[in-house]
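Peer 1: Fold the following.
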Amino acid sequence: MLPLEGITVISLEQAVAAPFASRQLADLGARVIKIERPRDGDFARGYDTAVHGMSSYFVWLNRSKESLTLDLKRAEAKLVLNRLLEKADVFLQNLVPGATDRLGLGTPELRKRYPRVIVCDLSGYGSSGPYRDKKAYDLLIQAEAGLISVTGTEQTPCKVGVSIADIACGMYAYSGILTALLLRSRTGEGVALETSLFDSLAEWMGNPAYYALYGGTPPPRASASHATIAPYGPVLSLDNKVVYLGLQNEREWKRFCEIVLGNPQLSSDPRFDTNTNRVQNRRQLDEVMQGVFQELTAAEIIARLEAAQIANARLNNMQEFGDHPQLRARNRWRTVDSPVGPLQALLPPVTAENVEPVFNGVPALGQHTDAILAELGFDRETIESWRQSGVV
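Peer 2: Model (predicted):
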């Protein structure tokens, strides 16, 4: 039996954060009914066409869901949604602030009408405060939360290359829903949950925030190196490849000097004999290391690092990541169906003994509308008339 088998999630979702949360639930066996706008659907469907004409975002976030198209401004569509919620366990939404209230789907009303339903609201900045109605996208949250200020080169701040605020928010929604399901099993009552992109990323900014608020200065931007540990970052090899390495303590520093650099005396050099000194003299240390590494191939550098038990990694591009030997060896790839044919998908990062996550297809827009409406008791003539009038 799958962990969430028998749980029904109604998700009024778009973009990344809520779809990311609901896909985790679908992976564990929950039935996720994704409500989309007729004709256009989730606008993430149009972000790109990289996956044989489909959006890479949508393929990543929406496998194993059922797509139901509804124009929720229409009374008939609200009737459908009410019937769904009568049997649902979770209602998840990330529309713009105030949209669900205008549709008569605000959290207080839903909690009153459906006391067993867990209601989870995702937003940019939360349901109160001066930023409540401010538009919020991942890049903008990275800026407001200070992430961009500590990311990039000394000269140029940069955003993180994935939708990190959306992902953080989606993960907190997912874990919050699991917690609420556990709580409901004890109380019999649903609960209202709220999380936001800003609050989620604020939690992840704890380290640089403490460093700056109590240390007096923000951690410096250090490009691909670590801001407060050295050596910790990239080196360039003779064959023009990038190898990453990282040290954690003075024992490793001594081994690094002796085995990797071939210069055991360097470990006691007063410029480099503590991590604080190495960070302060990072440029000089980088020059010393590069003098050694420019004479070695990437394979030779990695061999020395392995011999010294120093953590290291290659700089992989996306193709190299997709063909990573660790993913192959641990059988991490699965195949899912889609409107454009079979596609590869990675297993969720948490595996459970004797549980194989669900890998059903990526839905076409409105693919399950007729089946869901028929399940709710609507006849074929009604469904067709709604389609003609734009209700579904």
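
Peer 1: Every contact and neighbour count from this point should use C-alpha atoms.
Peer 2: OK.

Peer 1: Which residue ranges of the stretch 1-150 of the chain form helices?
Peer 2: Here the stretch 1-150 of the chain has its helices, by DSSP state H, counting those that start in this stretch, at 17-27, 56-61, 75-87, 99-102, 107-113, 138-144.

Peer 1: Of all these, which one is nearest Val392?
Peer 2: The closest of the helices of the stretch 1-150 of the chain to Val392 is helix 75-87. By CA to CA, the value is 7.5 Å.

Peer 1: one step back: so can I have JSON lines of the helices of the stretch 1-150 of the chain showing distance to Arg255, mean pLDDT and mean neighbour count?
Peer 2: Shown next, in JSON lines, are the helices of the stretch 1-150 of the chain (distance: least, CA to CA, whole Å; pLDDT from 0 to 100; neighbours: other CA atoms under 10 Å):
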{"stretch": "helix 17-27", "distance to Arg255": "42", "mean pLDDT": "98", "mean neighbour count": "27"}
{"stretch": "helix 56-61", "distance to Arg255": "42", "mean pLDDT": "97", "mean neighbour count": "20"}
{"stretch": "helix 75-87", "distance to Arg255": "62", "mean pLDDT": "95", "mean neighbour count": "16"}
{"stretch": "helix 99-102", "distance to Arg255": "59", "mean pLDDT": "90", "mean neighbour count": "13"}
{"stretch": "helix 107-113", "distance to Arg255": "58", "mean pLDDT": "94", "mean neighbour count": "15"}
{"stretch": "helix 138-144", "distance to Arg255": "38", "mean pLDDT": "97", "mean neighbour count": "20"}
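
Peer 1: export the ones you listed to JSON lines and tack on distance to Ile372?
Peer 2: As requested, the helices of the stretch 1-150 of the chain are exported to JSON lines (distance: least, CA to CA, whole Å):
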{"stretch": "helix 17-27", "distance to Ile372": "17"}
{"stretch": "helix 56-61", "distance to Ile372": "21"}
{"stretch": "helix 75-87", "distance to Ile372": "9"}
{"stretch": "helix 99-102", "distance to Ile372": "22"}
{"stretch": "helix 107-113", "distance to Ile372": "21"}
{"stretch": "helix 138-144", "distance to Ile372": "33"}
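
Peer 1: what's near enough to touch the nearest residue to Phe256 once chain neighbours are set aside?
Peer 2: Counting by CA to CA, 6 or more residues apart in numbering, the nearest residue to Phe256 once its immediate chain neighbours are dropped is Ala308, at 6.3 Å. By CA atoms under 8 Å, 6 or more residues apart in numbering, the residues touching Ala308 are 252, 255-256, 259-260.

Peer 1: Starting from His226, give me the distance back to Ala308.
Peer 2: Separation of Ala308 from His226 (CA to CA, to the nearest Å) stands at 20 Å.
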